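> predicted model and sequence follow; I will ask about them next.
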Amino acid sequence: MAGKAIRSVPVGELTVEEAATELAALAAEIARHDSAYYQDDAPRIPDAEYDALRLRNRAIETHFPELRREDSPELRVGAQPSERFEKVRHARAMLSLDNAFAPEDVEEFLGRVRRFLGLSAEDGLALTAEPKIDGLSASLRYEAGRLVLAATRGDGETGETVTANAKTIADIPHRLAGRSVPGIFEIRGEVYMAHADFAALNERQAAEGKPLFANPRNAAAGSLRQLDPSITRARPLRFFAHGWGEASAVPGRTQAEVMAAIAEFGLPVNPYFRRVEDAAGALALYAEIERIRADLPYDIDGMVYKVDRLDWQERLGFVARAPRWAIAHKFAPEQAITRLRAIEIQVGRTGALTPVAKLEPVTVGGVVVSNATLHNEDEIARKDVRIGDRVVVQRAGDVIPQIVRVVMDERPADAEPFVFPDHCPVCGSAAVRETNAKTGRADVVRRCTGGLVCEAQARERLKHFVSRDAFDIDGLGDKQVDAFFDAGLIRQPADIFTLEGRNASLDPPLREWEGWGPVSEANLFRAIEARRTIALPRLLFALGIRHIGQTTARLLAASFETIDGVARIARAAAEDEAARAEMLAIDGIGETVAQALIGFFAEAHNREALEALLREIEVERFERPSAGSPVAGKTVVFTGTLTRFTRPEAKARAEALGAKVAGSVSAKTDYVVAGAEAGSKLKKATELGVRVLSEEEWLALIGG
Ligand code: IVH
């Protein structure tokens, strides 16, 4: 073809016409190869030849920038990863793990599992144990044995499609091996970069004058989330499977059996994966791996233990975002010594004054640390931390670095005890320690009493509002919130949704701000638009009401279904005992949460801010996960000694089927499930004419 002959001509000697012709030919040819490679799994030329085509294209474009075509292969390399990938909803949520730091935490985890399942101390409870890989998780969906979709974890519910990129990873087969492959099988695991490959990549980056990656994890994430798969292909990523998502049939009855099947299908399972009989076995493997950790060719940050029996995993289910049947046992954090230069007081969204240690920068476990948390004023006093001290700093995984202790021998003679401020450093309002109603003791946290007049609180509330588990607005992070806040453009949540309308009359408009351009501006407004419809639990969490975390937000959503429902009960409960009792009857809602909710809706400015927001957005009615179940929406009370299941299991099961579990019987109770020796609750149910079920009847009702 024409291009071939021209390609031997040095770029500098091409005429404009020749260059234009060649660019057209290259665009078409590269697109054809991309499609052969990524869509049909059938590359037509060796990688080196493909790379040569791309280099030639780039060289001509550099020489003749005015000739760059709209369909130029270069233009498929964008700048903002998160906006560029198609989103995909996971068939089964991708969860995270709870952490254990000490052997006692592991024992406690196993104790919880035993209690939940009603196992005795003699019953065996085998686990699997394997290293926790420090990479990013991915889900690989195979249909009829072919890889049809690869997705990142994203927020756990929705991830990004990275199929073409995943196909460039040698560890990930395009087809599963073996004959007993389930029709639909999603394999989940960790994409990571080995140390040697990371070092080589950073050397290349340096040679090309490009920014270096901080660690292999970031390098892996940056490489997988490339719009141009040829870049991913040039970066050696690897994969370890550690579980599965949707499956038309699960190839085994235990975690270990399924992992063995996954290995047979052709995916790498970590060589240190083991089945162990008990905690002792898990802890022994932990000790062994911790010893060899530094010699492993990739980063790990702990071990993961999972209950081996799948029927038990099924019964154990999940809390919020983590399974009850697994835990991550983290390795001891890395430490270093440095000097404390200053203590800065930050004000959080609830007014909490948090002391932050400003440190002489020091490398801890491969990351430069210059800030660490000091938690609260009691902690500073307890550790007797003074400005100028040499301090031991530690960091573990993603958690904020901490000050462990002071190196007392090296304390400067003139170091003075730190005096914690009793006024807010931002707004000057008094900062007080409230008295805990239950314990009668002063709260450890000192809080600014400035409420809305305190800019720090308003700012932090907005940051929380847009954060990942709340509205999750791409491109609107802490830095952007600060900038919009400083410019007076966003002061309350509703302002976020009116920003685009006001942008045209801004001088200058956002796209002309430093660090912004037409593309990032458009991306931001698109991301905001995408959140005009929001799920109720997210909204409730986003409001940043004290004591209302994700789990409580979900519980409130499930109980009251709409934001009006929540507002109504909160307002009613301020005056009316019955409404208050209705709220408190929900298992999981206690005095503290009730008080916080009532307090929030009692404030006119909170109601106004919420109303302004609700004029801009649409809140989805809460759909119970199992709206069709026979007990969806019903209120159930369990009482007496249950023998067919444990109390926590009964509650979890009922909630999963959409029922509300209450702690006390009232006229609103639909069912009382009574075990042996049921007392006052059973009596009350009979008096009120509430339907009483035996355990067997309950099981029959919910379908066994
Ligand atoms: S199991 C439902 N096993 O750690 C449980 N996770 O902190 C799913 N991870 O999102 C996780 N190595 O990306 C599991 N051997 C391992 C792992 C592992 C790394 C990641 C995973 C998860 C995160 C949770």
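Thanks, I have the structure now. Being a predicted model, the structure only gives us computed values, none of them experimental.
> so which residue of the stretch 101-250 of the chain comes closest to the ligand?
Going by CB to the nearest ligand atom, the ligand is nearest to Ser137 of the stretch 101-250 of the chain, at 3.0 Å. In short, each C-beta sits where N, CA and C put it, glycine included.
> can you count the residues close to the closest residue to the ligand within the stretch 401-550 of the chain?
Proximity of the stretch 401-550 of the chain to the ligand (CB to the nearest ligand atom) peaks at Arg468, 13.6 Å away. Using other CB atoms under 10 Å, Arg468 has 12 other residues around it.
> if we can go back for a sec, burial of the residue of the stretch 101-250 of the chain closest to the ligand, as a residue count?
Around Ser137 there are 20 other residues, counting by other CB under 10 Å.
> residues contacting the nearest residue to it once chain neighbours are set aside?
The shortest distance from Ser137 to any non-neighbouring residue, by CB to CB, 6 or more residues apart in numbering, is to Arg153 (4.5 Å). Contacts for Arg153 were tallied using CB atoms under 8 Å, 6 or more residues apart in numbering; they are 94, 136-139, 159.
> please apply the same query to Arg309.
Neighbouring residues of Arg309 by CB under 8 Å, 6+ apart: 126, 253-255.
> before we move on, what about Ala662?
So Ala662 contacts 585-587, 635-637, 668-669 (CB under 8 Å, 6+ apart).
> quick check, nearest of the residues you listed to Phe541?
Lowest distance from Phe541 to the contacts of Ala662 (CB to CB) belongs to Ile586, with 16.7 Å.
> what about the residue lying closest to that closest one once chain neighbours are set aside, which helix or strand?
Computed as CB to CB, 6+ apart, the closest residue to Ile586 that is not its neighbour in sequence is Ser559, at 5.3 Å. Taking DSSP states H and E as the definition, Ser559 sits inside helix 550-560.
> buried stuff in stretch 329-346?
Within stretch 329-346, the residues scored as buried using 16 or more other CB atoms under 10 Å are 329-331, 333-336, 338-340, 343, 345.
> ok, stretch 197-217 next?
Under the neighbour-count criterion of 16+ other CB under 10 Å, stretch 197-217 has 197-198, 201-202, 213, 216-217 buried.
> is it in proximity to the ligand?
No. Remark: stretch 197-217 sits outside contact range of the ligand, by CB under 6 Å from any ligand atom, the gap being at least 10.5 Å.
> now do the end-to-end distance for that stretch.
One end of stretch 197-217 sits 12 Å from the other (CA to CA, to the nearest Å).
> then stretch 257-277?
With CA to CA as the measure, stretch 257-277 spans 15 Å from end to end.
> excluding sequence neighbours, find me the nearest residue to Ala574.
Ile598 (5.0 Å).
> return the subset of the contacts of Arg153 lying in strands.
Taking DSSP state E, the ones among those that sit in strands are 136-139, 159.
> confidence-wise, which of the residues you listed comes last?
Minimum pLDDT across these is recorded for Gly159, with 90.
> number of residues surrounding it?
By other CB under 10 Å, the residues close to Gly159 number 23.
> before we move on, what about Asn99?
18.
> now the residue lying closest to it once chain neighbours are set aside: which helix or strand?
Spatial nearest neighbour of Asn99, excluding adjacent residues (CB to CB, 6+ apart): Ala328 at 5.1 Å. Assigned by DSSP H and E, Ala328 belongs to strand 326-330.
> can you list the strands that that strand pairs with?
Strand 326-330 pairs in its sheet with strand 99-100 (parallel), strand 300-307 (antiparallel), by DSSP bridges.
> the closest residue to Val319 other than its chain neighbours: what's it in contact with?
Nearest residue to Val319 in three dimensions, chain neighbours excluded: Thr551, at 7.1 Å (CB to CB, 6+ apart). Applying CB under 8 Å, 6+ apart, we find Thr551 in contact with 319-320, 588.
> per-residue pLDDT, Thr551?
For Thr551, the pLDDT comes out at 85.
> same thing with Asp71?
Residue-level pLDDT assigned to Asp71 equals 78.
> quick one: it from Lys463, how far?
Distance of Asp71 to Lys463, given as CB to CB, to the nearest Å: 40 Å.
> quick one, which of those two is more surrounded?
Higher neighbour count among Asp71 and Lys463: Lys463, with 20 against 13, using other CB under 10 Å.
> what strand or helix carries the more buried one?
Per DSSP H and E, Lys463 falls inside helix 455-466.
> on that earlier part again, okay, now the residue nearest to Ala574: neighbour count?
19.
> can you classify Gly544 as helix, strand or coil?
Classification of Gly544 by DSSP: H, G, I helix; E, B strand; the rest coil places it in coil.
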